[in-house]
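Enquirer: Quick one, fold the following:
(chains A and B)
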Amino acid sequence: MKQFLTLFKFQFRSQYGISLLKSSLFSEQKKPLKVIGLALIILVAFSEMIGLYTFVMWKVFETAKTLEIPEITLTFGALLAGAFILIFGTFYILSGIFFAKDTEFLSVLPVKQQIVFASKFVLVMIGEYPFVLAMLAPPVLIYGIFMNCGPLFYLGAILCGLILPIIPLAIAAFFSLLLMKLISKLKRRDLFVSIVGIVAFVGIFLANNLLISKFTSTGEGAIADRILDTIRGLVDTVGRAFPPSIWFTRILTANPFEVFLNSLYLVGASAVALIVVLFLASFIYQKGAQSQLESAKTTSKKKLRYETSSPVLAVFITEFRMILRTPIYALNSFAGWVMGPLVILMPTFSGAFKDPELKAMIETVQGSNKALSFLVITGLLVFFSLVNPAPSSSISREGSGFWLLRSSPILPRTYVLGKLLSGSLISIGAILIAGVTLLVVSGLDVSIILVSIGCALLISYPVATAGILIDVIRPKLVWTNPQEVIKQNLNVVFAMLAGLLIAGVLGLAGYLMINADLNYYLIVSVIILLTLFIGIALQTILFRLADRKFG
Amino acid sequence: MITIKNVSKSYSKGTVKAVDDVTLEVGNGEIFGFLGPNGAGKTTTIKLIAGILPIDSGTIEVNGFDIEKSQIQAKQSIGLVPDTNEIYDRLTGIEYLNFMADIYKVGKSERTERINKYLEMFEIKDAAKALIRTFSHGMKQKLILAGALLHSPELWILDEPMTGLDPKSAHLLKQEMRAHCDKGYTVFFSTHVLEVAEKICDRLAIIKEGKIVAVGSMEELRQKSGETLENIFLELTE
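Expert: Residues are numbered from 1 along each chain as shown, chains lettered A, B, ... in the order given. Have a look, this model is predicted:
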């Protein structure tokens, strides 16, 4: 236990930069203000999303209460939290446990491998708590306040919230352990992990879509009733597959005997899941992790190639190669390439595009207001470039190897441009794939889609520029595993918000012009000009700042 | 080749002075050894010369170019081997060398000749097609050495270059340092291995708590403080 605590404390301080934060707050002048300011920005940034989620939960509660099943709100919240942990936990486990830089260091310590694994598991679990809090707090507070619950309800919710991530995370760890064991002998492990990741992503997305379409009510009732019907179907089915969400609800709402019984279920099942995973880890964790460090001798008969490129192109190619060859970077950066077609194909599979009402509505909007269709389609396509974290992590990803670019005889704007082009190329790919899918399956006006694709491509440039600008301002160069730099990097979140802001400004301009009854071509032209203006302004700021900061 | 005038550098908003009013001159064709205990300011000085860190006060000129005002020309004159071997570990060795040649604008024929020369010299030609992450510490160090020499820099800066090298490679490196100086170029390197410094350096400087406490040739230092470099070092840094 002592070894576990020592190891855990050490990793916690290292991963969450506690020592760095302490030094920032107490040793450096003016730093406390910066840290507090940053915390406020984060709070504001997330409060928008949490606000929206709270609104949805409120609607669910309102409708469920009229049907005398208000507790379904709690089940739904726990279900979402569980699904969230399972999906993202797998990536966190893979990178935190198998691809971390400290694997070599930890494997030489005289500590049992399941203790190392357990310390990392708890570390990942702690990283999940803010998300659990964000998912559970709205339904718990809504239910608690409006059902007049006492302090015991809230205490129970806190305790259950602490235990809830164990089972989904143990499942994620179980699959990760098996995956790493399976690929430890493979030569092209990185490629395999990337492919499995993409397949899993598509699988989860399709399964989710299948479930929702299965339970979506086709009745004629109000939208809120239809949503509730869908949730009830989901809760019934998935609740059986993920019983902790049901136990969670009963602990908080049932009679004392049921509370005791379900507490027993939740604690017991969590303990069993943890023991099974720790047992499995005791004999396969170290081998899987160490296989990541093993050298593969090259048997390539290819001759050495002496290619020449300009410095910008050299940085561009290197950046692209690094993203492609690092599974965590590739999975996150190329998610938009997969997400676009899936989101567009979803209504096709469910037959929504064939729905006469929707079809008529689309035709009316297209016929009467081309500009509105253009704005909506462009917004949708731009969204797939917003989820690309490559630009907003491009300086951070250099980590301790940043000395190489900083000592090189090129202006910082040169390597920033190389990185910007590389990140933009990924965004361009995402937009083109989504755009072509839309062209093929949607039956919408081809000319509007083509103009939207063109505009979205153009808008992706200032979006990527804003992302890299944020990373230049505060690069996260100290990290131990690649997950930290791309998934736990606030720059990525800030960049998405900045991208949303750009899209919002352009969307608002478009909306105002539509209201002013301006001509479609004029609206498109103004949007293009505005995008160019924002792009050039941001690029100028980016280059100047990069030269000043790194030059 | 290097002119450092009254250079200071602090960390943590001035609370830690890593380099304190350092003035130093290193001439062409010299192998210049930079010695000092751990945390004395060697790596910070090297980072300032290489333009990785901004200077708080003072000036540094490399090959006649101010490292802050004419950074591109100054950096083009430098080949840096840092104390870390963190490089793009998912590139292959040859991809890394091509990248370095592109950044330092080395033409195709020169790069082909020099890449082959250094890969053969450091015996990593066969490994050059493999990903760098599969390299040992020493192999990475050799690759970084090769990358720093591709553009035939007038100033070769090495921070603890012998770390991780096998005896044969260390010997080859020393030979290459001498050959580099014989061309009229300069080598500036930091080391803890006093025997190496004593053997190959034309001049030396010892830094302690950010200040230069001694500078000169071995003979000049001997006259001041003692017989062996170890004695001199211990006396000046205690």
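
Enquirer: close to chain B, is stretch A:526-546?
Expert: No: Stretch A:526-546 stays clear of chain B (C-beta under 8 Å from any C-beta of the partner chain), getting no nearer than 13.1 Å. The way it works is simple: take the backbone N, C-alpha and C, and place the C-beta from them, glycine included.

Enquirer: can you give me the strands for chain B?
Expert: B:2-11, B:16-26, B:31-35, B:57-62, B:65-66, B:78-81, B:155-159, B:186-190, B:203-208, B:211-216 (DSSP state E).

Enquirer: can you check the stretch 51-200 of chain A too?
Expert: With DSSP state E, counting those that start in this stretch as the criterion, the stretch 51-200 of chain A has no strands.

Enquirer: ok, back up a step: so can I have TSV of the strands of chain B showing mean neighbour count and mean pLDDT?
Expert: Below are these laid out as TSV (neighbours: other C-beta atoms under 10 Å in any protein chain shown; pLDDT from 0 to 100):
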stretch	mean neighbour count	mean pLDDT
strand B:2-11	18	92
strand B:16-26	18	91
strand B:31-35	25	93
strand B:57-62	19	94
strand B:65-66	16	94
strand B:78-81	25	94
strand B:155-159	24	94
strand B:186-190	25	94
strand B:203-208	23	92
strand B:211-216	17	89
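
Enquirer: Switch these over to a markdown table; also include distance to chain A.
Expert: Putting the strands of chain B into a markdown table (distance: least, C-beta to the nearest C-beta, whole Å) gives the following:
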| stretch | distance to chain A |
| --- | --- |
| strand B:2-11 | 10 |
| strand B:16-26 | 10 |
| strand B:31-35 | 17 |
| strand B:57-62 | 11 |
| strand B:65-66 | 10 |
| strand B:78-81 | 5 |
| strand B:155-159 | 9 |
| strand B:186-190 | 14 |
| strand B:203-208 | 20 |
| strand B:211-216 | 23 |
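
Enquirer: got JSON lines for the ones you listed, with distance to A:Val436 too?
Expert: As requested, the strands of chain B are arranged in JSON lines below (distance: least, C-beta to C-beta, whole Å):
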{"stretch": "strand B:2-11", "distance to A:Val436": "52"}
{"stretch": "strand B:16-26", "distance to A:Val436": "55"}
{"stretch": "strand B:31-35", "distance to A:Val436": "59"}
{"stretch": "strand B:57-62", "distance to A:Val436": "52"}
{"stretch": "strand B:65-66", "distance to A:Val436": "51"}
{"stretch": "strand B:78-81", "distance to A:Val436": "46"}
{"stretch": "strand B:155-159", "distance to A:Val436": "51"}
{"stretch": "strand B:186-190", "distance to A:Val436": "56"}
{"stretch": "strand B:203-208", "distance to A:Val436": "62"}
{"stretch": "strand B:211-216", "distance to A:Val436": "65"}
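
Enquirer: Find the least confident helix or strand in the chain, judged by mean pLDDT.
Expert: Picking chain A for this. helix A:18-26 (a mean of 59; mean pLDDT, DSSP states H and E).

Enquirer: other chain: chain B
Expert: That would be, for chain B by mean pLDDT, DSSP H and E, helix B:229-237 at a mean of 75.

Enquirer: biggest helix in chain B by residues?
Expert: helix B:167-182 (DSSP state H).

Enquirer: And it, how far out from the chain middle?
Expert: Remark: helix B:167-182 is offset 13 Å from the chain centroid, using C-alpha atoms, centre = their mean, to the nearest Å.

Enquirer: got a list of contacts for it?
Expert: Contact with helix B:167-182 is made by B:29-31, B:121-123, B:138, B:142, B:145, B:149, B:156, B:158, B:161-162, B:165, B:187, B:189, B:196, B:199-200, B:202, as judged by C-beta atoms under 8 Å, 6 or more residues apart in numbering or on different chains.

Enquirer: What helix or strand is A:Ile502 located in?
Expert: helix A:490-515 (DSSP states H and E).

Enquirer: same for that helix, what does it pack against?
Expert: helix A:31-66, helix A:370-386, helix A:446-473, helix A:520-550 (3 or more C-beta pairs under 8 Å, 6 or more residues apart in numbering or on different chains; DSSP states H and E).

Enquirer: any idea how far the residue nearest in space to the middle of chain A lies from A:Gly127?
Expert: Taking C-alpha atoms, centre = their mean, the centroid of chain A lies closest to A:Lys487, which sits 6.8 Å from it. Distance, A:Lys487 to A:Gly127, by C-beta to C-beta, to the nearest Å: 9 Å.

Enquirer: Show me whatever sits in contact with both of those two.
Expert: Common neighbours of A:Lys487 and A:Gly127 (C-beta under 8 Å, 6+ apart) are A:Tyr92.

Enquirer: Check residue 180 and give its pLDDT.
Expert: All of this refers to chain A. For A:Met180, the pLDDT comes out at 72.

Enquirer: think we crossed wires, I meant chain B
Expert: Model confidence at B:His180 (pLDDT) stands at 91.

Enquirer: Can you give me the neighbour number for it?
Expert: Close neighbours of B:His180, defined as other C-beta atoms under 10 Å in any protein chain shown, add up to 21.

Enquirer: again, but for A:Val140
Expert: 26.

Enquirer: likewise A:Leu109?
Expert: Quick note: A:Leu109 (other C-beta under 10 Å) scores 13 neighbours.

Enquirer: Quick check: the gap between it and chain B.
Expert: 19 Å (C-beta to the nearest C-beta, to the nearest Å).

Enquirer: quick one on the thing from earlier: columns distance to B:Ala214, mean neighbour count and mean pLDDT on top of the helices and strands packed on helix A:490-515, output as a markdown table?
Expert: Output for the helices and strands packed on helix A:490-515, formatted as a markdown table (distance: least, C-beta to C-beta, whole Å; neighbours: other C-beta atoms under 10 Å in any protein chain shown; pLDDT from 0 to 100):
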| stretch | distance to B:Ala214 | mean neighbour count | mean pLDDT |
| --- | --- | --- | --- |
| helix A:31-66 | 37 | 14 | 77 |
| helix A:370-386 | 58 | 23 | 90 |
| helix A:446-473 | 41 | 23 | 95 |
| helix A:520-550 | 34 | 16 | 95 |
